[in-house]
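Peer 1: mind looking at a prediction? Sequence and model below.
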Amino acid sequence: MLNQFKRKIWSQKTCVLNAIKGHHLSTKAKESGFGFKESVHILDNNYAVDDWTNITPKVVSLIGRNLYLKKGNPLYLLSEAIRHYFKDYDFFVFADPVVDLKSNFDSLLIPKDHVSRQKSDTYYVNKDYVLRSHTSAHQNHCLHKKSTAFVCIADVYRRDEIDRRHHSVFHQCEAFRLYHNNSPQLISRGINHVFESHKLVRTDSKQENHCQEVVDIIESEMKTTIEAFVRNLLWEDIPMRWVSAYFPFTHPSWELEIYHNNDWIEILGSGIVEHKLLQNAGINDNIGWALGIGLERLAMIRYQIPDIRLFWTNDSGFLSQFESACHSDKIVYKPISSHPQLIFDISFWLPQQVFWCCNDFYDLVRNIGGDLIEQVKVIDEYTTKEGKKSHTYRIVYRSHERMLSKDEVNVVHKQIERYVTDEWKVAMR
Ligand code: PHE
């Protein structure tokens, strides 16, 4: 997510910089080889490899993780919050990130020589297909579904380094809304025509066909919606500012910056949809706005998550903090230890005729294990035909201060076993 804003790959400002960098990268990439010989299998399809192929097995291995649909991932909670905020909009998921050049570039009026088409910036599956580099790639698909207001969340791919703030796969949300002559927002202001009938001139503040006063209303509708949306997501009246920008598919265009940690940070791109784009999709009498926002950056601020790589972890110390939360919960992430987890399971038959409460067991484990216990939860329970009940608990041990040894944890684990056997009369399985 962050790279797109940092490097502004769609913006003309950095064209030259990217062109130079692009040359360097593609040469380097060719030398190292990409690891696919004749074809590459992605989700349900096989693609022939050619000179354009620059996807790597590593990136392909991340396809289909669908983090934004996985309960326990903060990106899922954020996606739920977005869906809730935009509940009157259609919601689309496009699970397959492979799209053709038309969707990713042509339908968005991105010129043939635009930097974003370079192999150095975009992952090509082959000469005809790319891994979508933004959710705008689906604008056209949603318009063909006859939607006039939609939100689409997806994983997107851009070639970049991996560090605390960058990842080659990140997530975006596209929001899009169309208005027509009879939209209440226009009618209530006494306006009944969207388009200029004569003197078609494009200026910095409008496209040739649009009436300035309509553009002003749509701009203010969009900015109010987005500001309230960001405030709602970040739970505070965070300082924001709009900065003029350039995108081939919107005009005028803006980026929104928020003030965080003594710095202005770009969080989204937006603008009035290019009329030509709508016309190409068979829509002639509407005007609309579009926005694309990166989810990771927002989630990092929203939940105070310090490293973008954490979204990809399977570490239950991380995931369990978000697992049972609701999208409106204000969760502050507690850093997990850098020392490894040690996972021990314990299975036993419950004593018969006794009311068993899992929470009692959790408390007992914490009581004995103290700070070494990171998590404990029941992972399996069943009852035999004879009515005997079995429970299995998973106990995750991890210290914040030091690396634990198996022997050391074993001593604690045995103590827990002994206690429940002697005092609570369970039978170990
Ligand atoms: N697709 C743009 C990007 O990824 C963001 C954007 C979306 C800008 C919609 C304008 C309108 O940078």
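Peer 2: Here it is on my side, so go on. Bear in mind the structure is a predicted one, so any value in this text is a computation, not a measurement.

Peer 1: roughly how far does the residue positioned nearest the centre of the chain sit from the ligand?
Peer 2: Taking Cα atoms, centre = their mean, the centroid of the chain lies closest to His171, which sits 2.9 Å from it. In this view, His171 and the ligand are 11 Å apart by Cβ to the nearest ligand atom, to the nearest Å. Where C-beta positions appear, they are placed from N, C-alpha and C, glycine not excepted.

Peer 1: partner residues bridging that residue?
Peer 2: Asp155 (DSSP bridges).

Peer 1: where's it relative to Val156, distance?
Peer 2: Using Cβ to Cβ, to the nearest Å, we find His171 at a distance of 7 Å from Val156.

Peer 1: just Phe311 next, same as before
Peer 2: Taking Cβ to Cβ, one finds Phe311 at 14 Å from Val156.

Peer 1: low-confidence regions, this structure specifically.
Peer 2: Across the chain, the ranges flagged by pLDDT under 70 are 1-34, 161-163.

Peer 1: can you give me the strands for the stretch 1-150 of the chain?
Peer 2: Along the stretch 1-150 of the chain, counting by DSSP state E, counting those that start in this stretch, strands occupy 39-42, 45-48, 90-93, 98-100, 129-131, 149-157.

Peer 1: can you tell if the longest one touches the ligand?
Peer 2: I take that to be strand 149-157. No - judged by Cβ under 6 Å from any ligand atom, strand 149-157 makes no contact with the ligand; its nearest approach is 7.4 Å.

Peer 1: output the contacting helices and strands for that strand.
Peer 2: helix 74-85, strand 90-93, strand 129-131, strand 169-180 (3 or more Cβ pairs under 8 Å, 6 or more residues apart in numbering; DSSP states H and E).

Peer 1: other residues contacting the one helix or strand Val230 maps to?
Peer 2: Secondary structure assignment for Val230, by DSSP states H and E: helix 212-234. By Cβ atoms under 8 Å, 6 or more residues apart in numbering, the residues outside helix 212-234 that reach it are 78, 81-82, 85-86, 177, 179, 185-186, 189, 191, 193-194, 205-207, 237-238, 240, 242, 252, 254, 256, 258, 267-268, 270, 272, 287-289, 291, 298, 301-302.

Peer 1: ok, of these, which come out buried?
Peer 2: By neighbour count, with 16 or more other Cβ atoms under 10 Å, those hold 78, 81-82, 85-86, 177, 179, 186, 194, 206-207, 240, 252, 254, 256, 258, 267-268, 270, 272, 287-289, 291, 298, 301-302 as buried.

Peer 1: quick one: name the residues of this structure near the ligand.
Peer 2: Counting by Cβ under 6 Å from any ligand atom, the chain comes close to the ligand at 4, 10, 134, 136, 247, 250, 253, 269-271, 290-292.

Peer 1: show me the contacts for Phe318.
Peer 2: Here Phe318 is in contact with Leu310, Tyr333, Ile336 (criterion: Cβ under 8 Å, 6+ apart).

Peer 1: so the second one, which of the three states?
Peer 2: It stands for Tyr333. Taken by DSSP: H, G, I helix; E, B strand; the rest coil, the conformation at Tyr333 corresponds to coil.

Peer 1: okay, now the residue nearest to Ser147 when sequence neighbours are not counted: neighbour count?
Peer 2: Of all residues not flanking Ser147 in the chain, Asp90 sits nearest, at 4.5 Å (Cβ to Cβ, 6 or more residues apart in numbering). Residues near Asp90, counting by other Cβ atoms under 10 Å, number 15.

Peer 1: and Asp90, bridged to which residues?
Peer 2: Bridge pairing for Asp90 - DSSP bridges - gives Phe150.

Peer 1: who are the contact partners of it?
Peer 2: Counting by Cβ under 8 Å, 6+ apart, Asp90 makes contact with Cys142, Lys145, Ser147, Ala149, Phe150, Val151.
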